[in-house]
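Peer 1: Fold the following.
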Amino acid sequence: MFKQFIVSLLLAGALLHSALAAVTPPQAVQAQYDLSMNGTAIAVMQETFEIRNGAYQAVSETQAIGLFALIQRRPGRVTSNGEVGSGGLRPKLFDGTRGTGDARRVHAEFDWTAGTLTMAHDGRSETATLSPGAQDRLSVMYQFLFLPPEKLKDLAFAMTNGRKLDQYRYAIGPDTTIDTPLGRLAVIHLVKQHSASETATEIWLAREHRMMPVKMRIVEDDGKRYEQVISRLEIR
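Peer 2: Presented below is the predicted three-dimensional model:
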């Protein structure tokens, strides 16, 4: 009987450890994605995510490849900085640019005390009302690391790209597996709910990699299909 008690205790401890591991976010992530348009490789994206002293920093740098490198020589750089709380990431600053003097640079500042989002782009500034849980287009990808699976069943949030603040809602599809350069992965499939005139977005989250996004597909209303697929990943 004592032996059975020890076995039960060990099993309970193992289950508890597994549950905690599933919801405890990592302290650092390094990832690489391959980007394609209509099946043609166009760029490589390098990303880093780090948490220190209750704050996070995410950096994404995109370098065009092949013929597209002749058109877009300057790499794109997107950054997101903010706090980490019980609900996950709370952005403060978002910035997107292709270097000094970039006329298309976008910048957003989150003022959670005042409940406002200030966006600067194209030589002008705009203000929008912040809703709880709002993200920027980079932080949202790492927010999945903080969400328990049950919150994915009906996922809704506001997100800014530095030019506007839009509302997004995703529905969860059946569990499936996909092939990636990291191997075959069990994933949760999220599908953006949208009208016929809006872009279609799908996101695949890897269960064995803390719900890290490992694939994303965007289909614009003109039929262009962009895909972002993980090719390297280190989580600690």
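Peer 1: Give me the residues contacting stretch 120-134.
Peer 2: For stretch 120-134, contacts defined as CB atoms under 8 Å, 6 or more residues apart in numbering pick out 87, 91, 103-108, 110-112, 115-119, 157-160, 162-165. Where C-beta positions appear, they are placed from N, C-alpha and C, glycine not excepted.
Peer 1: Contacts only, for the nearest residue to residue 173 once chain neighbours are set aside.
Peer 2: Computed as CB to CB, 6 or more residues apart in numbering, the closest residue to residue 173 that is not its neighbour in sequence is residue 189, at 3.9 Å. Each residue near residue 189 by CB under 8 Å, 6+ apart is listed here: 172, 173, 174, 175, 176, 202, 203, 204.
Peer 1: just residue 97 next, same as before
Peer 2: Residues 76, 77, 104, 105, 106 are the ones in contact with residue 97 under the rule CB under 8 Å, 6+ apart.
Peer 1: May I ask you to confirm that the second one is in contact with residue 96?
Peer 2: What it means is residue 77. Yes - applying CB atoms under 8 Å as the test, residue 77 and residue 96 come out as touching, 7.4 Å apart.
Peer 1: quick one: which of those two has more around it?
Peer 2: residue 96 (23 against 16; other CB atoms under 10 Å).
Peer 1: and the helix or strand containing the more buried one, which residues are buried?
Peer 2: Applying DSSP states H and E as the criterion places residue 96 in strand 88-97. Within strand 88-97, the residues that count as buried by 16 or more other CB atoms under 10 Å are 88, 89, 90, 91, 92, 94, 95, 96, 97.
Peer 1: Name the nearest of the residues you listed relative to residue 51.
Peer 2: Distance from residue 51 was checked for each of those by CB to CB. The minimum falls on residue 89, at 9.4 Å.
Peer 1: Now that that closest one has come up, it's in contact with residue 138, right?
Peer 2: No - with contact defined as CB under 8 Å, residue 89 and residue 138 do not form a contacting pair (9.8 Å).
Peer 1: any weak-confidence spans in this structure?
Peer 2: In the predicted model, the chain carries pLDDT under 70 at residues 1-23.
Peer 1: again, only this time at 80
Peer 2: Judged by pLDDT under 80, the chain has its weakly predicted residues at 1-25, 73, 99-101, 195-197.
Peer 1: Pull the distance from stretch 140-147 to the chain's centre.
Peer 2: Distance of stretch 140-147 from the chain centroid (CA atoms, centre = their mean, to the nearest Å) equals 6 Å.
Peer 1: what about it, how long is it end to end?
Peer 2: End-to-end distance for stretch 140-147: 11 Å, by CA to CA, to the nearest Å.
Peer 1: ok, now stretch 32-50?
Peer 2: Its first and final residues considered, stretch 32-50 spans 15 Å by CA to CA.
Peer 1: on that earlier part again, show me which of the buried residues of strand 88-97 is closest to residue 145.
Peer 2: For these, the minimum distance to residue 145 (CB to CB) is 7.8 Å, reached by residue 88.
Peer 1: What's opposite that closest one in the beta bridge?
Peer 2: For residue 88, the residues forming beta bridges with it (DSSP bridges) are residue 85.
Peer 1: same check, this time on residue 178
Peer 2: Here residue 178 sits in beta bridges with residue 185, as judged by DSSP bridges.
Peer 1: Buried residues of the longest strand anywhere in the chain, list them for me.
Peer 2: Counting by DSSP state E, the longest strand found in the chain is strand 40-52. Neighbour counts using 16+ other CB under 10 Å place 42, 43, 44, 45, 47, 49, 51 of strand 40-52 among the buried residues.
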